[in-house]
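Enquirer: Let's see this in three dimensions:
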Amino acid sequence: MKLSNLLSTLDSQIPIAAVDVLSPDEATIIQWLTTEANNKLSCTVYFWNLGVSSLEQCLIASDGGLVFKVVAEYKKPPQADPLLYVFDYIANFSGNGVFILGDIHPFVAKNSPQLSWEIISKVKNLYHRLKPTDKRIVLLGQNIQLHEALVRLIPYCEIPLPGVEQILEHINSYLHDLQQSATEQELTFTISLPESEIESLSRAALGLTLEEISDFLRLTVKENLTSDGIVVDADFIPKAVEYKTRLLSQMGIELGKPATIPFGGLDNLREWLMRRRRLFTQEARSLSLPQPKGVLLAGPPGTGKSHCAKNIASILNLPLLQLDIASMLGSLVGESEGNVKRALKTAEAIAPCVLFIDEVEKALSGQGDTSGVSQRILGTLLTFMAECISGVFIVATCNDPSVLPSEFKRKGRFDEMFFVDLPTEPERVQILKIHLERFGITVESEYLEAIAANTSQFSGAELETLAAEAALLAFDEARPQQVTLGDLETCRQTITPLAITDAAAVERMQSWASTARPASSPVVQTAKTQSLRAAKFRNMN
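Expert: Residues are numbered from 1 along each chain as shown. Presented below is the predicted three-dimensional model:
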């Protein structure tokens, strides 16, 4: 059910409906429902939740705002259960009206420790007995999951996050209201944003609710107010991104920054991505071409999977969101998957984008999970991957795919599964060169090739450590940015790669590789690589 159908649903003898809305926009929905019910149903709207001591009538003030008026006739006895009493009050209410009941869904939710069979029975009774009357109930809250006994009785509506056009309209309207308010206070309020920059501001606010956008505009205007007034200009765009980053991080979603360091090698993966980057353009969408779903990157730890995932956003020219599922795990039943679902909806609102889930097996393997949370999170994620068509490109990394559920790895779930192995010799040369150049260090190619020949079991992370240690060694010896072959060899001997310390795990990963596509092309030997000893004889400096 869509929100636009809510009033017609209530008007067609369906007495109870549920509206799932993010908390910041609850007041907006109550205000909308009050206006619509007054105009289309000619009935009064009331609000109640466990946080108010009485029933309140919802009214629209002369300025269009929402106000609450306590219903004097509603007098709950001190010993009465507040939820059961409000149900009885509605059942015995003599007039007509729409009763908005906030946050009662934990008492009627499946598998909830707060579930009450007495309350479920009351709701079922109300459903049948209110049908011939003009009394209606709207259950309002966040992450509503109704019990099986109610799910076929109560139609459900989920309020999506606003899109660019809706945000654009809201920003224009709200800035106009702020300008009028400033004029009344004899303050100068200048909107110096051309149409293109207002659209950029709207895109920067994607993923926020309308109420959160209003909060951001008021806060930023207040912070930038001077004796000369306020100017709304392009500086509001990065501030909107900063504000959104702070809010999303509280939900376990990090807005990633574009990768500043390229990844070396992985030519198969790079070529595959380059062929699909145009599928996220408006041209591809106008041709109804399918949007790529994502990739699973599996391989031993330290091979650069996470770093590569951040580079994918740069290659595809899309914003990067990083989903931290561990931070979303809650103590209440249904809370964890509700948090994940809300995060995925946020990604869908920001789309097209790259959604990065690092070490996904830790959240989905189910090892040691007796509550079934991992299985429910898996179901939420699989449903999203199957139904999302807005352009959320999921990049999941995994150190041990053997523990992942088979339904997550099956063909068609991702566009492709890539195996990121220990780097080949040419890739090791590239990786060393990239990390040495970070420190402003240039080393002759033949020396890099010689070191690469002697680091066959090194991962990308271990090669990065090797480059950093060599740079520090040269700095300690008063030779800043002058790394020699001897420095690299000395530091190489101090590093024991994971492929040696945990050889069994790496070999197990490599044996799985036959089920995935290699991220790198096999090395074709054209000539014998110069040995480290031969390079040493050329230059010992």
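Enquirer: need the next SSE after the stretch of helix or strand Lys222 belongs to, C-terminal direction.
Expert: Taking DSSP states H and E as the criterion, Lys222 maps to helix 210-223. The helix or strand immediately downstream of helix 210-223 is strand 230-232, counting by DSSP H and E.
Enquirer: got the contact list for that next one?
Expert: Leu175, Ala182, Leu187, Thr188, Phe189, Thr190, Ile191, Ser192, Leu193, Val221, Asn224 (CB atoms under 8 Å, 6 or more residues apart in numbering). Every C-beta, even on glycine, is put in place using the N, C-alpha and C of the backbone.
Enquirer: Spatially, which pair of these is furthest apart? Let me know, please.
Expert: Using CB to CB, these reach their maximum pairwise distance at Leu187 and Leu193, which is 18.0 Å.
Enquirer: Look at the two and report which has more neighbours.
Expert: Leu193 (20 against 15; other CB atoms under 10 Å).
Enquirer: Assess the claim that that one and Ala204 are in contact.
Expert: No - with contact defined as CB atoms under 8 Å, Leu193 does not reach Ala204; the gap is 12.0 Å.
Enquirer: domain parsing for this protein?
Expert: Listed by automatic domain parsing, the domain ranges of the chain are 3-158, 164-250, 256-419, 427-514+524-538.
Enquirer: what's the average pLDDT for the first one?
Expert: In this case it means domain 3-158. Average pLDDT, domain 3-158: 91.
Enquirer: so how far is that domain off the chain centroid?
Expert: Here domain 3-158 is found 30 Å from its chain centre; the criterion is CA atoms, centre = their mean, to the nearest Å.
Enquirer: repeat for the third one
Expert: Averaged C-alpha coordinates place domain 256-419 at 10 Å from its chain's average position (CA atoms, centre = their mean).
Enquirer: same deal with the second one?
Expert: On the basis of CA atoms, centre = their mean, domain 164-250 is displaced by 23 Å from the centre of the chain it belongs to.
Enquirer: now the end-to-end length of it.
Expert: 23 Å (CA to CA, to the nearest Å).
Enquirer: Show me the shaky parts of this protein.
Expert: 258, 329-335, 366-371, 524-541 (pLDDT under 70).
Enquirer: Just want the most central residue of it.
Expert: Ala343 (4.1 Å; CA atoms, centre = their mean).
Enquirer: Tell me the helices and strands packed up against the strand or helix carrying that residue.
Expert: Element membership for Ala343, per DSSP H and E: helix 335-350. When contacts are defined as 3 or more CB pairs under 8 Å, 6 or more residues apart in numbering; DSSP states H and E, helix 335-350 sits against strand 253-256, strand 320-323, strand 353-357, helix 373-387, strand 392-398.
Enquirer: Convert the C-alpha atoms of it to PDB, please.
Expert: Taking Å, rounded to 0.1, in the frame of the first residue of the first chain, the C-alpha atoms of helix 335-350 are listed here in PDB:
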ATOM      1  CA  GLU A 335      16.000  -4.500  15.800                       C
ATOM      2  CA  SER A 336      19.200  -5.600  13.900                       C
ATOM      3  CA  GLU A 337      17.500  -6.500  10.600                       C
ATOM      4  CA  GLY A 338      15.300  -3.400  11.000                       C
ATOM      5  CA  ASN A 339      18.500  -1.300  11.200                       C
ATOM      6  CA  VAL A 340      20.000  -3.000   8.200                       C
ATOM      7  CA  LYS A 341      16.800  -2.600   6.200                       C
ATOM      8  CA  ARG A 342      16.700   1.100   7.000                       C
ATOM      9  CA  ALA A 343      20.400   1.500   5.900                       C
ATOM     10  CA  LEU A 344      19.700  -0.300   2.600                       C
ATOM     11  CA  LYS A 345      16.700   2.000   2.000                       C
ATOM     12  CA  THR A 346      19.000   5.000   2.600                       C
ATOM     13  CA  ALA A 347      21.500   3.600   0.000                       C
ATOM     14  CA  GLU A 348      18.600   3.200  -2.400                       C
ATOM     15  CA  ALA A 349      17.600   6.800  -1.900                       C
ATOM     16  CA  ILE A 350      21.200   8.000  -2.700                       C
END
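Enquirer: Measure how buried Val67 is and give me the count.
Expert: Val67, neighbours per other CB under 10 Å, totals 14.
Enquirer: which element is it on?
Expert: strand 66-70.
Enquirer: Let's see that strand as CSV, backbone CA atoms only.
Expert: What follows is strand 66-70 as a C-alpha-only set of coordinates in CSV (Å, rounded to 0.1, in the frame of the first residue of the first chain):
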residue,chain,number,x,y,z
LEU,A,66,0.5,21.0,13.9
VAL,A,67,-0.7,21.5,17.4
PHE,A,68,-2.0,19.0,20.0
LYS,A,69,-4.9,19.6,22.4
VAL,A,70,-5.5,17.3,25.4
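Enquirer: so what strands line up beside it?
Expert: Applying DSSP bridges, strand 66-70 is found paired with strand 56-60 (antiparallel).
Enquirer: Just the buried residues of the partner strand, please?
Expert: Glu56, Gln57, Cys58 (16 or more other CB atoms under 10 Å).
Enquirer: Among the contacts of strand 230-232, which are located in helices?
Expert: Leu175, Ala182, Val221 (DSSP state H).
Enquirer: so the second one touches Thr190, yeah?
Expert: Spelled out, it's Ala182. No - between Ala182 and Thr190 there is no contact under CB under 8 Å: 9.5 Å.
Enquirer: who's more crowded, these two?
Expert: Shown here are Ala182 and Thr190; by other CB under 10 Å, Ala182 has more neighbours (17 against 13).
Enquirer: residue contacts, the more buried one?
Expert: Counted by CB under 8 Å, 6+ apart, Ala182 has contacts Thr188, Phe189, Gly229, Ile230.
Enquirer: Next, count neighbours for Ala91.
Expert: By other CB under 10 Å, neighbour count at Ala91 equals 14.
Enquirer: Show residues contacting the helix or strand hosting it.
Expert: In the assignment (DSSP H and E), Ala91 maps to helix 82-92. For helix 82-92, contacts defined as CB under 8 Å, 6+ apart pick out 48, 50, 55, 74, 76-77, 99, 101, 104, 107, 118-119, 122-123, 125-126, 129-130, 135, 137.
Enquirer: rewinding a little: just the closest of the contacts of strand 230-232 to Lys239, please.
Expert: Nearest member of the contacts of strand 230-232 to Lys239, counting by CB to CB, is Asn224, at 8.9 Å.
Enquirer: tell me the phi and psi of Ala72?
Expert: phi -60, psi -30 (degrees, to the nearest 10).
Enquirer: that older thread, need the buried residues of strand 56-60 in CSV (columns: distance to Phe93).
Expert: Shown next, in CSV, are the buried residues of strand 56-60 (distance: CB to CB, whole Å):
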residue, distance to Phe93
Glu56, 14
Gln57, 12
Cys58, 15
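Enquirer: for these, which one is nearest Leu488?
Expert: Nearest member of the buried residues of strand 56-60 to Leu488, counting by CB to CB, is Cys58, at 72.3 Å.
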